[in-house]
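> Just need the structure, nothing else, for what follows:
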Amino acid sequence: MKTKLLVIGILLLFITTRAAYSQDKEDGWIKIATKTVNFQSETDEVKPSSGEADVSKIKIKCIQGTVKIKDITIEMDDGKDSSPTVVGVLTKGQSSRVIDLPGKDNKLKKVKFKYDSMGKVVISKRAKVEIWGKKR
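Reported below is the predicted structural model:
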């Protein structure tokens, strides 16, 4: 009985996760990057390709483990920076709030973020996050 419940739970998790990713693509969201977080404080920088730079919004999704987002800086091609408040902990399947990017014709140049992976090397997997952008 426990095995059946476990299998059903895993299947439901798989189905809802796939549905969430499918919904994103249908709503005009594109994946800009995937990053794996080490078990220490880390700073990463993501530069979208030219086809991914024309976005009006971004969000961060945790697809594995747990990650603590400390700070985000968004740089646009006109040189303007934005540092939205998106501090918090994300676990597998959770997303940050949607962040509106400044300017109507501005293109995303890069996203810098600081984070910590939560957990211990022996017990849990390193966190993985995806950066998604909403096409204009």
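> Now find how far off-centre stretch 30-41 is within its chain.
In terms of CA atoms, centre = their mean, to the nearest Å, the gap separating the centre of stretch 30-41 from the centre of its chain is 8 Å.
> And the strands in this protein?
When secondary structure is read from DSSP state E, the chain shows strands at 29-36, 42-46, 55-64, 66-76, 81-82, 88-91, 99-100, 108-118, 128-135.
> Make a markdown table out of these and add mean neighbour count and mean pLDDT.
C-beta coordinates here come from the backbone N, C-alpha and C atoms, glycine included. Compiled in a markdown table, the strands of the chain are given as follows (neighbours: other CB atoms under 10 Å; pLDDT from 0 to 100):
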| stretch | mean neighbour count | mean pLDDT |
| --- | --- | --- |
| strand 29-36 | 16 | 91 |
| strand 42-46 | 14 | 85 |
| strand 55-64 | 20 | 92 |
| strand 66-76 | 18 | 89 |
| strand 81-82 | 14 | 86 |
| strand 88-91 | 15 | 89 |
| strand 99-100 | 14 | 90 |
| strand 108-118 | 19 | 84 |
| strand 128-135 | 20 | 92 |
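> Any idea which residue is closest to the centre of the chain?
Note on the chain: the residue nearest the mean C-alpha position is Ile60, at 2.2 Å, using CA atoms, centre = their mean.
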